[in-house]
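Participant: One predicted model, sequence on top.
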Amino acid sequence: MPAAPTVEPAPEQDRRGPSPLLLGLLLGLAVAAGMLWWLKEEPVAQRAAVTVPRVEAAPAADVPPEQAPVPEAELNVPADTSFDAAAAPNPVASATSSALEDVVARALPAVASIQAGRGRGTGFFIQRDIVLTNQHVVGNETSVQLTAGGKRYSARVTNTSTSTDLAVLQVYGPDPTQPTLRLGSAKGIRPGQEVVAIGSALGVLSNTVTRGIVSALRETGSVTLIQTDAAINPGNSGGPLVDRNGVVIGVNSMKIGGATGEGLAFAVAIDHASQLLSGKATSATATPLQGLNKIMTGSTASEDQREQGTAAYQAAVERAAQRGNQMDDFWERSARSCVARAVRAGDRPWFALYEPNGLQIQLSSGTNCEGWLGTMQNNAGIIRSEMSRAAENARRQGVYPGVMRDIRRQHKMEWQGW
């Protein structure tokens, strides 16, 4: 029987696989390739999330410490921070101050024209219902009329001080949105500092603004006066004297007339208002103007001389007033038909004759207006000479300007040019 074919088993696959050395080499190459791919293809968002320490640049060496950048956390100033005007010095104008016209624009709505009997003047709101002015503006009146921002108000005189020439008014039915002015102090002001006086010139030209500088500070007894060359005309009395920041440093009060008084005006330092606003009245009767007169004239006149001078001035004004009463009658006869325009410049309507271009005549009327005007001018010239001569004599005898002014007012003879 033939032999069976020999069946050889198929050779087995080698189960040992690649050598360990080869596997380690392949694994190292794979890891290296993966790292290269990760660094190249890393998403931008992942890289942006990496926190980098913030490095602040130090101030330059030539920058003073007070000018170095301030951390933001230190700039949170409370909104209700208050300013104590009585304790803080007066703000000084700086390079960051507002333009002068902007300062004036903000101040004007707080300034009011005042009608007190026959007298006119100015005041300013320090609260929405409180107005500050001069005592000589309100005189002996207990209530006055105000005009501010096109609105009319009534106000009562709540407190006055003759020694500081200041008065406080309480406004009835005030406007809740009434602008006010901030009070400063005269303690920090310096000669040469720019100031602005605001008022109602001649009592009718409201919102009149004049600019000047502080000329000096004057002490008259216990009162501080700010001397300025900013024009303060009749009607400006009681208005604010403000600095370049719009802060009130004084209350416009008086000017010195005559050739030697050109550009010489005075405001009562606002510091004196604090005592009056607290409701404390003073018993002193001497006015700042009387104290200033002593400084200006160096008067050494005795009280007897002063009393004699006062009596003589009183008699002279009475005589001038009698002539003035006749002028009033003559004016009333023809003014309605002859006068086209007259500037109200004092206690009597015909005082317009004393003002340059203060009177415009209507020549086309049937009345003899030229003859009437000539008579008025002649008599007005006589009265003016009498008043000027009486004033000069009174000054030589040491009569205080405030006393002279009161006498003129008693007889309706007050005019800015005496």
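Facilitator: Structure's in. What do you need?

Participant: Correct me if wrong: V196 contacts A105.
Facilitator: No - the pair V196 / A105 is not scored as a contact, 11.4 Å apart, by C-beta atoms under 8 Å. All C-beta spots, glycine's among them, are computed from the backbone N, C-alpha and C.

Participant: Show me which of the two is the more surrounded one.
Facilitator: Taking other C-beta atoms under 10 Å, V196 and A105 do not tie; V196 has more neighbours (20 against 12).

Participant: who does the more buried one bridge with?
Facilitator: Beta-bridge pairing of V196 under DSSP bridges involves R211, V242.

Participant: Spell out which residues sit in contact with it, please.
Facilitator: Taking C-beta atoms under 8 Å, 6 or more residues apart in numbering, we find V196 in contact with 100, 103-104, 107, 209-212, 230, 241-243.

Participant: What of N393?
Facilitator: Contacts of N393 (C-beta under 8 Å, 6+ apart): 309, 312-313, 316.

Participant: Tabulate those (CSV), appending neighbour count and pLDDT.
Facilitator: Below are those laid out as CSV (neighbours: other C-beta atoms under 10 Å; pLDDT from 0 to 100):
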residue, neighbour count, pLDDT
G309, 22, 89
A312, 15, 93
Y313, 22, 93
A316, 19, 94
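
Participant: since we're on the closest residue to A335 other than its chain neighbours, how many residues are nearby?
Facilitator: Nearest residue to A335, sequence neighbours excluded (C-beta to C-beta, 6 or more residues apart in numbering): P349, at 7.1 Å. For P349, the neighbour count with other C-beta under 10 Å is 18.

Participant: can you check R152 too?
Facilitator: If we define neighbours as other C-beta under 10 Å, then R152 has 11 of them.

Participant: Same question for P109.
Facilitator: 17.

Participant: Got the confidence number for it?
Facilitator: Predicted confidence (pLDDT) for P109: 92.

Participant: Now do it against G371, distance only.
Facilitator: Computed with C-beta to C-beta, to the nearest Å, the distance linking P109 and G371 is 48 Å.

Participant: and if you look at G149?
Facilitator: Taking C-beta to C-beta, one finds G149 at 46 Å from G371.

Participant: what about these two, which has more around it?
Facilitator: G149 (14 against 11).

Participant: need the helices for this protein, in chain order.
Facilitator: Ranges of helices in the chain, per DSSP state H, are 20-41, 44-48, 100-107, 135-138, 273-277, 288-297, 303-338, 369-396, 401-410.

Participant: winner for burial among the ones you listed?
Facilitator: Greatest average neighbour count among the helices of the chain goes to helix 135-138 (a mean of 25), per mean count of other C-beta atoms under 10 Å.

Participant: Can you tell me what sits against that one?
Facilitator: So helix 135-138 is contacted by 114, 116, 119-123, 144, 157, 160-162, 164-167, 169, 237-238, 253, 287, 402, 405 (C-beta under 8 Å, 6+ apart).

Participant: With just CA atoms, put it into CSV.
Facilitator: Coordinates of each C-alpha in helix 135-138 appear next as CSV, following Å, rounded to 0.1, in the frame of the first residue of the first chain:
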residue,chain,number,x,y,z
GLN,A,135,-28.9,148.4,54.1
HIS,A,136,-28.9,151.8,52.4
VAL,A,137,-30.8,150.2,49.4
VAL,A,138,-33.8,149.2,51.5
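
Participant: Any regions of this protein where pLDDT drops low?
Facilitator: 1-98, 201-207, 233-235, 256-263, 279-303, 363-367 (pLDDT under 70).

Participant: can you rerun that using 50?
Facilitator: Within the chain, the ranges that satisfy pLDDT under 50 run 1-15, 39, 41-96, 203, 258-261, 285, 297, 300.

Participant: domain parsing for it?
Facilitator: What automatic domain parsing lists as the domains of the chain is 106-171, 194-296, 303-410.

Participant: With distance to T177 as extra columns, can I get those in TSV?
Facilitator: Putting the domains of the chain into TSV (distance: least, C-beta to C-beta, whole Å) gives the following:
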stretch	distance to T177
domain 106-171	8
domain 194-296	18
domain 303-410	32
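
Participant: so which of these gets nearest T180?
Facilitator: Taking C-beta to C-beta, domain 106-171 is the member of the domains of the chain nearest to T180, at 4.7 Å.

Participant: Over to the closest one now: how far is its first residue from its last?
Facilitator: 21 Å (C-alpha to C-alpha, to the nearest Å).

Participant: Which members of the contacts of helix 135-138 are positioned in strands?
Facilitator: Among these, DSSP state E puts 114, 116, 119-123, 144, 157, 160-161, 166-167, 169, 253 in strands.
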